[in-house]
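In: Got a predicted structure plus its sequence, pasted below:
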Amino acid sequence: MFGNKNRMSSDEILEMKNKLEATERFVRNVEKSSEILDTNVTEIAESCSRTGEYANQVADNVNSTIESAKSNIDVEASLIHSLDEYGNAVSKTQADIEKLVEKVKEQNEEALKLVDNNKHFTSPSKYLSELPSTFREANQKYSGHIGKMSEYCKQMGVLALNSAIEAGRLGDSGKVFVNSCEVIRTYATNYENEIALMKEEISASNEKIAYLEEQVRHLVGLLKENNVATAKLMKQCGETSDFAGELKLGIDFDSITELKTNVIDLKNAEEEILKSGERNRMQLEDMFAEIETQQKNQEEILKSVLPVLNTKEE
């Protein structure tokens, strides 16, 4: 066709011209499309890269959130356990305090009984404290009587002696009377000996009375000290009983229960965060898979576009 130019008609030339112009327009369009495609591919690649970096950062944040949630859940579980143990310890302590209060009340009642029993020692101790003086006065009276008996005994001995002398002057007729006087003198002497023994017994009795008086004085002193100590004990028991009755731990069990409820709610929230983090991590894995797919598609597009770009360059 081009070998014989003289034979080409004007229509054919016009047709070739139109085809040439259409080819030039096509080439220009291909060049523009190539530039746009190149820009778009570059932007898509950069976007995918930024998306990947953002996804990695989000994944790190999600992993950090998951680890933090796990750690918080462990801490909250430990705190719940500690609150349970604390509540049990407080309950046991309160029960022990109540037992202590009851024990103090029992001791207070025993102290009251002891004080009441000590009142019964008042009369016997008074009697015992007066008893040595009574014995001493009695011994003084006995000594007075014995002194008189001793004087009577001496007079009797003198009288018997005088009677024996007078009877001896009567001769044989007075011998019987003399013998009787001698017997009386013997009785008087024996009686005097018994009186001496009685004086010794009274003296020994006075010594025992003095010792008894000392012991009674010591006993009365002990009873007084016991009364004073009992009064102090009674006062202390009363104060202890009052203090024990007012003793409280000052702990609001409702606050502990509310705190435990709040910690449980927080633990449940952390568990929801953990579940949400796991779901987010799965979604991120899907996102990474989608990005890889897009990258593969881009590679396929580049493979299909490169031949066209190479043709343009030729």
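Out: Okay, I see it. Numbering: from 1, shown residues only.
In: name the element residue 235 belongs to?
Out: Secondary structure from DSSP states H and E places residue 235 in helix 175-246.
In: what packs against that helix?
Out: Judged by 3 or more C-beta pairs under 8 Å, 6 or more residues apart in numbering; DSSP states H and E, helix 175-246 is in contact with helix 10-119, helix 122-168. For glycine as for every other residue, the C-beta is placed from the backbone atoms N, C-alpha and C.
In: quick one: the following helix or strand past it to helix 10-119, angle?
Out: Per DSSP H and E, the first helix or strand lying C-terminal to helix 175-246 is helix 253-313. Angle between the axes of helix 253-313 and helix 10-119 is 160 degrees (criterion: axes from the mean of the first three to the mean of the last three C-alpha atoms, to 10 degrees).
In: by contact count, what packs against helix 253-313?
Out: Checking 3+ C-beta pairs under 8 Å, 6+ apart, helix 253-313 ends up next to helix 10-119.
In: same question for the helix it packs on, mean pLDDT?
Out: For helix 10-119, mean pLDDT is 73.
In: Test my guess that residue 273 contacts residue 62.
Out: No: in this structure, residue 273 is not within contact of residue 62 by C-beta atoms under 8 Å, at 10.4 Å.
In: Any stretches of the stretch 151-300 of the chain with poor pLDDT?
Out: Residue ranges of the stretch 151-300 of the chain with pLDDT under 70: 241, 244-253, 295, 298-299.
In: ok, 90 please
Out: By pLDDT under 90, the weakly predicted segments of the stretch 151-300 of the chain are 151-196, 198-300.
In: Not counting residues beside it along the chain, what's closest to residue 191?
Out: residue 153 (4.9 Å; C-beta to C-beta, 6 or more residues apart in numbering).
In: Contacts for stretch 68-77, please.
Out: 263, 264, 266, 267, 270, 271, 273, 274, 277 (C-beta atoms under 8 Å, 6 or more residues apart in numbering).
In: For these, please prepare CSV with the additional fields neighbour count.
Out: Output for these, formatted as CSV (neighbours: other C-beta atoms under 10 Å):
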residue, neighbour count
263, 17
264, 15
266, 16
267, 19
270, 20
271, 15
273, 17
274, 18
277, 20
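In: mind checking how far the residue nearest in space to the middle of the chain is from residue 111?
Out: In the chain, the centroid-proximal residue (C-alpha atoms, centre = their mean) is residue 93; its distance is 5.8 Å. As defined by C-beta to C-beta, to the nearest Å, residue 93 lies at a distance of 26 Å from residue 111.
In: ditto for residue 180
Out: 76 Å.
In: what about these two, which has more around it?
Out: Neighbour count, other C-beta atoms under 10 Å: between residue 180 and residue 111, residue 111 has more, with 19 against 14.
In: The more buried one against residue 239, yeah?
Out: No: between residue 111 and residue 239 there is no contact under C-beta under 8 Å: 11.7 Å.
In: What residues of stretch 101-111 count as buried?
Out: Applying a neighbour-count criterion of 16 or more other C-beta atoms under 10 Å, one finds 101, 104, 108, 111 buried in stretch 101-111.
In: Quick check: the farthest pair among those?
Out: Greatest spatial distance among these (C-beta to C-beta): 101 and 111, at 15.5 Å.
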